[in-house]
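Colleague: Kindly return the folded structure for what I paste below:
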Amino acid sequence: MFAKNNLMHLLLFSYLTMQSTQITQPYNPKKHSIKESKEEHPILDLLLCNPSKALEKIRKVLEELIREEMRAQIKEGIELPLLPKRVDHLKQKYEQQCPLFLLEECEGTCIFSRKTNPSLRETYEAEVNSLLLKKIQQYPNRPIHSAHFGCGGALSDVIIITKTLAQKPDAQLHIHLIDIQHAPYIEAQEFLNNTHEIQENVSIDFDHLSSAYIPGIIKHSPGSIRSDDQLKDEAVSTIWRIETKYHQCLKWLRSTFPKAKISLSIHSTYDNYLDYIKNKNIPYADVVTAIDIPDETNFMQGGAKDYACLCKKTLQENPTASNVWLADYKGTIGFITCSLTQPANCLNTLEDDDNVPAYITMTEKVAHLHKNEDLCYQAAQL
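Modeller: So this is what the prediction gives:
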């Protein structure tokens, strides 16, 4: 029995060690062996070499946490969303299996889905990684600021940052993630006069939030079939999940790359981001990037227009900035850039109140779309 217990402790120690690898020198695991292997690999290696497997692992661990909490609720005869006071102990338990289990990524029929066309996201991630490495080489003594527009579940962005730090483990990075999904968290933080920057060991006071902020939200939800308590729980759960996801990201990146200097801020919209960096005197981005936002059917509306405005404003304040958006334009998928000088092959022009045009161009074609037998769009590499 003593030997068996020692073996179990050894296996647990080995597993936890595998999950908390520290990288202080350039790191390049063997991609082929990890993709082909059926063995358990640390999340670091999966993010670098097999993102689809990483996503599978992330979802599996989150599903296990939810199932355990649901079993507890059934025994208690209650039905609640994930609430911090109930699941914080489960969070710590399941972070041992996967420290990033709240990361997400869209699936379904989207042409940029990793499940449908994995090579597209890999190509995009490699391109942004390359831009960041160039900026790090160009400005080795200061933080490199990146603005990731429409980041969604943030998996692609964490992969990009991980790839960059694996090659430059002592880099200085300030990462800005912009997505409308962050709005509940940002509105709560601004109500509490808190920063947009994620603080690894600082969390929202949910008791204060529930008594001072959330009742105001409920007043703006007239006619809801849900009770005030249900609305309050849903608001707390949403804000907790957003905060916890980025706590996980920041903690994992800093522990994995201890020589790097990493800051992480999140924002809800491009103008929310621009207002924030202006008020806090934070430099404009060195790299602006996007994937999976409205394509040519809404080419200069909504998300796409906001992204173009973000690129334009960034270039006006930081002329050396780079930007790249992987987009579908009339059946051709390629890297689209925004510039203040007119190129030879301009797809579109953005003009707003300042009467200074910005030019939208596809600088590199990556793939073209075709319909498969199931009438789903797939991308064929060029």
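Colleague: What is the neighbour count of Asn201?
Modeller: Other residues within reach of Asn201 by the criterion other C-beta atoms under 10 Å amount to 7. C-beta: built from backbone N, CA, C; applies to glycine.
Colleague: okay, which residue is most central for the chain?
Modeller: In the chain, the residue lying closest to the centroid (C-alpha atoms, centre = their mean) is Ala154, at 1.5 Å.
Colleague: Test my guess that it contacts Ile178.
Modeller: No. Using C-beta atoms under 8 Å as the test, Ala154 is too far from Ile178 to be in contact (10.7 Å).
Colleague: Ignoring the adjacent residues along the chain, who's closest to Pro81?
Modeller: Excluding the flanking residues, the one nearest Pro81 by C-beta to C-beta, 6 or more residues apart in numbering is Ser237, at 3.7 Å.
Colleague: I'd like to know how many residues surround that neighbour.
Modeller: 18.
Colleague: SS state for it?
Modeller: When the structure is split into helix, strand and coil by DSSP: H, G, I helix; E, B strand; the rest coil, Ser237 lands in helix.
Colleague: got the contact list for it?
Modeller: Contacts for Ser237 were tallied using C-beta atoms under 8 Å, 6 or more residues apart in numbering; they are 81-83.
Colleague: Same question for Ala308.
Modeller: Under the criterion of C-beta under 8 Å, 6+ apart, the contact list for Ala308 reads 300, 338, 350, 358, 360.
Colleague: Looking at stretch 164-172 now, give me its mean pLDDT.
Modeller: Across stretch 164-172, pLDDT averages out at 98.
Colleague: And it, end to end?
Modeller: In terms of C-alpha to C-alpha, to the nearest Å, the two terminal residues of stretch 164-172 are separated by 11 Å.
Colleague: can you list contacts of that stretch?
Modeller: Contacting residues not belonging to stretch 164-172 are listed as 23-28, 44, 48, 129, 132-133, 136, 142-144, 173, 253, 256-257, 259-262 [C-beta under 8 Å, 6+ apart].
Colleague: Give me the buried entries from those residues.
Modeller: 23, 27, 44, 48, 129, 132-133, 136, 143-144, 173, 253, 256-257, 260, 262 (16 or more other C-beta atoms under 10 Å).
Colleague: rewinding a little: out of the contacts of Ser237, who's nearest Ser113?
Modeller: Leu82 (25.1 Å; C-beta to C-beta).
Colleague: what's the domain layout of this structure?
Modeller: The record assigns the chain these domain ranges, following automatic domain parsing: 15-95, 118-381.
Colleague: Could you point out which of those sits nearest Glu107?
Modeller: Checking those against Glu107 by C-beta to C-beta gives domain 15-95 as the closest, at 8.8 Å.
Colleague: if I look at the residue nearest to Pro81, how far off is Leu82?
Modeller: 5 Å (C-beta to C-beta, to the nearest Å).
Colleague: What ranges does the protein have for its strands?
Modeller: Assigned strands in the chain, in chain order: 144-149, 172-178, 261-267, 287-291, 322-329, 332-339, 348-350, 358-371, 377-381 (criterion: DSSP state E).
Colleague: can you redo those strands as JSON lines with distance to Asn194?
Modeller: JSON lines is the format used below for the strands of the chain (distance: least, C-beta to C-beta, whole Å):
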{"stretch": "strand 144-149", "distance to Asn194": "20"}
{"stretch": "strand 172-178", "distance to Asn194": "16"}
{"stretch": "strand 261-267", "distance to Asn194": "12"}
{"stretch": "strand 287-291", "distance to Asn194": "25"}
{"stretch": "strand 322-329", "distance to Asn194": "29"}
{"stretch": "strand 332-339", "distance to Asn194": "32"}
{"stretch": "strand 348-350", "distance to Asn194": "33"}
{"stretch": "strand 358-371", "distance to Asn194": "33"}
{"stretch": "strand 377-381", "distance to Asn194": "41"}
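Colleague: Which of these sits closest to Pro99?
Modeller: Relative to Pro99, the nearest member of the strands of the chain by C-beta to C-beta is strand 261-267, separated by 14.8 Å.
Colleague: Save the contacts of Ser237 as JSON lines, and put in distance to Asp292 and neighbour count too.
Modeller: JSON lines is the format used below for the contacts of Ser237 (distance: C-beta to C-beta, whole Å; neighbours: other C-beta atoms under 10 Å):
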{"residue": "Pro81", "distance to Asp292": "26", "neighbour count": "16"}
{"residue": "Leu82", "distance to Asp292": "26", "neighbour count": "21"}
{"residue": "Leu83", "distance to Asp292": "30", "neighbour count": "16"}
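Colleague: In helices, which of those fall?
Modeller: Among the contacts of Ser237, the subset assigned to helices under DSSP state H is empty.
Colleague: quick check, nearest of those residues to Pro184?
Modeller: Out of the contacts of Ser237, the one with the shortest distance to Pro184 is Pro81. That distance is 12.8 Å, counting by C-beta to C-beta.
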